[in-house]
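[1] from the sequence below, what's the structure:
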Amino acid sequence: MDDAKRMVDTYEVKHAIHVGDKEILFGVDEKKIDCPYIVCNCTWDNPLGIEHYFSAVGSADYLEMMTEFTSRVTAQLETVKAEREIVTVSLRPFTLEHCIQNDNNQNLENKVAIIRPERLRPEYRTADKQLVLITGGFGARANSRGRAVYTTNLYSGKESRWNREDILGIVKPEYMPDWAKERLKQIQAQRQIKLKKQEIER
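    Numbering: from 1, shown residues only. Predicted coordinates:
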């Protein structure tokens, strides 16, 4: 069992709730008489996946800081709800029955894949977060020792890095939604334009 305490500077993290794109932390350092409590945000949205702490506030008043903590968590919940309300496609998650299961003999590049629901945060286990176009990475190759798989989300267009084991499988053609087919065409066209531009600039 890992008994290591999670620290933010000299503050021990006592409470942490991850909702949406941020984790909200409540830290305590009893030795700091004037400011024993802090609340801050944390993300890992950087190329190295390193914890980034920001928007820290501190106080000697526990209730004040606990109110700040819960207010930030509530704000994150409201943000996720608002994001979900503007999604115009079915949110029903994709499961194993909707795909050709991932195995190491497959070349995944340029195929539409399904991200495993359990690899997504509970609030993001929806179809719009799962469908991705695999654009590269050593992990996308057949029988590769590499793990990295680079993707473009079909709904949002966001580019991300996953590991090979995060891929549930390739979506079966009969389960590919119409919205995903249209977005796939758009993304592929954009990639072709980008590649041609890069060739001209060389």
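
[2] residues near residue 33, how many?
    8 (other Cβ atoms under 10 Å). C-beta coordinates here come from the backbone N, C-alpha and C atoms, glycine included.

[3] where does this structure dip in pLDDT?
    Scanning the chain for pLDDT under 70 picks out 1-3, 47-48.

[4] now do the strands in it.
    7-8, 11-19, 22-28, 37-43, 52-59, 99-101, 112-115, 131-136, 148-153, 159-163, 167-171 (DSSP state E).

[5] the shortest one pairs with which strands?
    Going back to what we said before, that points to strand 7-8. strand 11-19 (antiparallel) (DSSP bridges).

[6] okay, the angle between the strand it pairs with and strand 22-28?
    150 degrees (axes from the mean of the first three to the mean of the last three Cα atoms, to 10 degrees).

[7] contacts for strand 11-19 next, please.
    Residues outside strand 11-19 that contact it (Cβ atoms under 8 Å, 6 or more residues apart in numbering) are 5-7, 23-29, 38, 42, 69, 73, 76-77, 80, 121, 123.

[8] would you agree residue 148 is in contact with residue 134?
    No - the criterion here is Cβ atoms under 8 Å, and residue 148 misses it with residue 134 at 10.9 Å.

[9] neighbour-wise, which of these two wins?
    residue 134 (21 against 14).

[10] residues in contact with the more buried one?
    Contacts for residue 134 (Cβ under 8 Å, 6+ apart) come out as 108-113, 140, 149-151, 167.

[11] show me which of those are buried.
    Among those, those that count as buried by neighbour count (16 or more other Cβ atoms under 10 Å) are 108, 111-113, 140, 149-151, 167.

[12] want to throw the strands of the chain into a markdown table with distance to residue 180?
    A markdown table is the format used below for these (distance: least, Cβ to Cβ, whole Å):
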| stretch | distance to residue 180 |
| --- | --- |
| strand 7-8 | 40 |
| strand 11-19 | 26 |
| strand 22-28 | 28 |
| strand 37-43 | 28 |
| strand 52-59 | 32 |
| strand 99-101 | 13 |
| strand 112-115 | 7 |
| strand 131-136 | 5 |
| strand 148-153 | 10 |
| strand 159-163 | 16 |
| strand 167-171 | 8 |
